[in-house]
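Q: What follows is a predicted protein model with its sequence.
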Amino acid sequence: MIPYERRELVIEQLHEADLLHLDDLQELLPDVSVSTLRRDLKELEREGRVEILSGGGVKLKLRTVSHERGIQVASALHAAEKEQIAKRASAEISDGDTVYVDSGSSGTMLLAQLLDRDVTIYTGNGSACWVTGDMRARIIVIGGSFNPHTSSMTGPIAEAILSEVYFDKAFLGVNAVSVERGVTNPSYDEASKKRIVRKNSNATYVLCDSSKFHQVSNVKVFDLEGLTLISDTFDARLSKAVRILTPEN
C-alpha cells in the first residue's frame, strides 16, 4: 500500500471514529511499522487534515470556511451532487405544504424541482425572481437587503416577515457542518435568518453536499439536534448526531 492510500485510509477511519490511537492504527494496518504510521500522521498534520493530541491520539482537524462563495461559483461546484440533494429533498414535500426554501445553489435547484407542485414556497432566494412561464407552485419572495454576491435577502425586513410566517418544512443551505460546532456559516445576517426559519418550522432540513462535512465557519447557526441532513453521501460520524437522508434512503 502506497503512502497516499495509507493516509486516506486513516482519514476514512477518523470519519467514523471521533478519536484514534496508534494502537488502533496498528490493528488497521498490521503490516505497517509504528515509525511509518507516525510519519503518516505527521504528514497529515502538516497538511492540516488531522490534529495529534498530547496523549498520543489523533482526530480530524476541522477545516475553516471563512468566506461566502458567490452564487455563480457555488452553482458550478458539485452540481451533480446538489441536483441529487434537491431531488431527495423534493421527495420530503407533500402537495399542499407551505415550505421555506433558502438561498444558495442547492436551494435554487430545489426551487426548480417544485415549480410544478401544488405547494406554497416562501424564499429569500433572489434567483426566484428570474422564474418565468406557467407553474403550479405559489412563490412568495421575502423582501430585505439584497446581496448580489449570494443572491440572498437578509436583514431586519426579511427577519420581520419571517418571524410572522409558519412553515410545514424548511430547507436551509449550509456552508459548513460538524459534530463539534453544528451548522456554521460566514454571515451573521444569514445565520440569524436561518434561526428564525427553524423556530417557525415543523421540520427543518439542511441541504449539504459532502464537501462541507467536518468543516467550520466563523458564525454558529444552530446545533445539529433535531435537524435532518440531506446529502449526496452518508457519513458515519455525523450520523451519530443528526439524521441523514441520501438518494439511497
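A: Done, it's in. All of these numbers come straight from a predicted model, not from anything done at the bench.

Q: Measure how buried Gly56 is and give me the count.
A: 12 (other C-beta atoms under 10 Å). Just so you know, the C-beta spots here come from the backbone N, C-alpha and C atoms, and that holds for glycine as well.

Q: Pull the contacting residues for it.
A: Gly56 is in contact with His21, Leu22, counting by C-beta atoms under 8 Å, 6 or more residues apart in numbering.

Q: Equivalent analysis for the one 4 residues further on, please.
A: The contact partners of Leu60, by C-beta under 8 Å, 6+ apart, come to Ile11, Leu14, His15, Arg49, Val50, Glu51, His214.

Q: Specify the beta-bridge partners of it.
A: Val50 (DSSP bridges).

Q: shouldn't Thr123 be in contact with Gly107?
A: Yes: between Thr123 and Gly107 a contact is recorded at 7.2 Å, counting by C-beta atoms under 8 Å.

Q: Mind listing the shared neighbours of the two?
A: With C-beta under 8 Å, 6+ apart, Thr123 and Gly107 have common neighbours Val101.

Q: Residue ranges of each domain in the chain, please.
A: With domains defined by automatic domain parsing, the chain comprises 3-61, 71-245.

Q: Relative to Glu164, how far out is Gly96?
A: Applying C-beta to C-beta, to the nearest Å, the value for Gly96 to Glu164 is 21 Å.

Q: ok so, going back, most tightly packed of the domains of the chain?
A: When you average the neighbours per residue for each of those (mean count of other C-beta atoms under 10 Å), domain 71-245 leads with a mean of 19.

Q: Can you give the distance of it from its chain's centre?
A: 9 Å (C-alpha atoms, centre = their mean, to the nearest Å).

Q: looking only at pLDDT, what's the mean for it?
A: When pLDDT is averaged over domain 71-245, the result is 93.

Q: With stretch 20-40 instead?
A: 88.

Q: so what's the residue nearest to Pro3 when sequence neighbours are not counted up against?
A: Closest residue to Pro3 in three dimensions, ignoring its sequence neighbours and counting by C-beta to C-beta, 6 or more residues apart in numbering: Asp40, at 6.5 Å. Neighbour list for Asp40: Pro3, Arg6, Arg7, Val10 [criterion: C-beta under 8 Å, 6+ apart].
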